[in-house]
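Colleague: predicted model and sequence follow; I will ask about them next.
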Amino acid sequence: MNPKNKFQLSHKMKLGVGRAYTNGQIMKYSSFGFLAIAAILGVNAIRLYVQQPVVAQPQVLGATDRSQTSASADDQFIEYTVQKGETLFAIAQTHNISWTTLATLNNLEPPFTLKLNQKLKIPKQ
């Protein structure tokens, strides 16, 4: 037997071309990939939706819920009465704290207007 005739190579193998994919096969494999990715993203979205969101609390000295007042917290602050013409920024500067800290401690909201004789709590130095 002639050694050349032992193996029969296909036409594509003789040309050095690998496996050919048809358009239908490419669509089939890519759709499986997209389906897997969509399933993973869907499961992750459901997991994030089900989890309870974590609400950040103010991280300022003395900034607590109004219902949780204690005597020890009052020892850390002085009570200041707003005078005519004073601003939040000026009061904060006088007491050497930032105006944002002062607003957070006193639960003030924009536009941060102060009223005459309004009581503010200011941290002791």
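Modeller: Yep, that arrived.

Colleague: would you check that Phe89 makes contact with Trp99?
Modeller: Yes. Between Phe89 and Trp99 a contact is recorded at 4.7 Å, counting by Cβ atoms under 8 Å. Bear in mind the C-beta positions are built from the backbone N, C-alpha and C, glycine included.

Colleague: now the common contact residues for those two.
Modeller: Both Phe89 and Trp99 lack any common contact, where contact means Cβ atoms under 8 Å, 6 or more residues apart in numbering.

Colleague: check which helix or strand covers Thr104.
Modeller: Element membership of Thr104, judged by DSSP states H and E, is helix 99-105.

Colleague: residue ranges with poor pLDDT in this protein?
Modeller: Under the criterion of pLDDT under 70, the regions of the chain flagged as low confidence span 1-5, 7, 9-23, 52-74.

Colleague: domains in it, by residue range?
Modeller: Listed domain ranges for the chain are 20-55, 71-123 (source: automatic domain parsing).

Colleague: name the residues that touch whichever helix or strand comes after the helix holding Thr104?
Modeller: Next in sequence after helix 99-105, counting helices and strands by DSSP H and E, comes strand 119-123. Residues from elsewhere that reach strand 119-123 (Cβ under 8 Å, 6+ apart): 61-62, 76-82, 91, 95, 97, 101-102, 105-106, 114.

Colleague: adding distance to Lys6 and mean neighbour count, write the domains of the chain out as JSON lines.
Modeller: Formatted as JSON lines, those follow (distance: least, Cβ to Cβ, whole Å; neighbours: other Cβ atoms under 10 Å):
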{"stretch": "domain 20-55", "distance to Lys6": "25", "mean neighbour count": "9"}
{"stretch": "domain 71-123", "distance to Lys6": "86", "mean neighbour count": "13"}
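
Colleague: okay then, goodbye and thanks.
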